[in-house]
Every structure is written in structure tokens, then in C-alpha cells.
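Trainee: Predicted model and sequence follow; I will ask about them next.
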Amino acid sequence: MSGTEVALIRLATTVAGAAAKALLTPRPGAGLVTDPVRPLPRPPKPDRLAKVLARRMSESYADLPEHERLAALTSVQDTFAASRS
């Protein structure tokens, strides 16, 4: 695997952890109704997110050197990881 693929997989697992935490934390509110008024949309699966990000990186930032693309991916991963804390 190339460095970009490894970084995208790490990013997808970080996003999945953040999504799982969001789903498992208690919801705010008074608890007066059993279900939400309308169902909330489900977040995309981590593998789909990784594919979309990989496509965007290859199309939009193909002229950037590999180390700069990896640095950008690491920055996004750090942002998602910080939101889990």
C-alpha cells in the first residue's frame, strides 16, 4: 500500500470512531418523546468516505507532491481525533 492509502485508512478509522462516539453519547433533551420527529440521516460509512476523499485528492491535488498530500491527510485526521476527545 502507498502512503496515501494508509493515511486514508487511518482517517476513515478515526472518522468511524468519532461517528460511533456521537451515536453512543446520550442525546440532549427532556426525554418527553420516544422518537425524534423526523429520522436523522445516517452518516456515510467510513469506506465510502475514504473512497470519496481518495478521489478528491487524486483529482484536485494531483499536482501536489506526495508528502504535502500526506501532511494534509494527517491534519484532517488530527482534527477528527481532537473532536473525539
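Mentor: That came through fine. Note that this is a predicted model, so its numbers are computed, not measured. Residues are numbered from 1 along each chain as shown.

Trainee: Could you find the closest non-adjacent residue to residue 3?
Mentor: What sits nearest to residue 3 in space, not counting adjacent residues and going by C-beta to C-beta, 6 or more residues apart in numbering, is residue 70, at 5.4 Å. The way it works is simple: take the backbone N, C-alpha and C, and place the C-beta from them, glycine included.

Trainee: The one you found contacts residue 5, correct?
Mentor: No. With contact defined as C-beta atoms under 8 Å, residue 70 does not reach residue 5; the gap is 10.6 Å.

Trainee: So for these two, which sits in the more crowded spot?
Mentor: For the pair residue 70 and residue 5, the greater number of neighbours falls to residue 70 (18 against 11), based on other C-beta atoms under 10 Å.

Trainee: quick one, helices of the protein?
Mentor: Listed in chain order, the helices of the chain (DSSP state H) span 3-24, 46-60, 66-84.

Trainee: Adding mean pLDDT and distance to residue 38, write the ones you listed out as TSV.
Mentor: Rendered in TSV, the data for those read as follows (pLDDT from 0 to 100; distance: least, C-beta to C-beta, whole Å):
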stretch	mean pLDDT	distance to residue 38
helix 3-24	84	17
helix 46-60	81	23
helix 66-84	84	25
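
Trainee: Among the ones you listed, show me which one is buried the most.
Mentor: helix 3-24 (a mean of 16; mean count of other C-beta atoms under 10 Å).

Trainee: okay, the angle between it and helix 46-60?
Mentor: With axes from the mean of the first three to the mean of the last three C-alpha atoms, to 10 degrees as the criterion, the two stretches helix 3-24 and helix 46-60 enclose an angle of 140 degrees.

Trainee: got the contact list for residue 84?
Mentor: Shown here is residue 84, whose contacts under the criterion C-beta atoms under 8 Å, 6 or more residues apart in numbering are 14, 17-18, 21.
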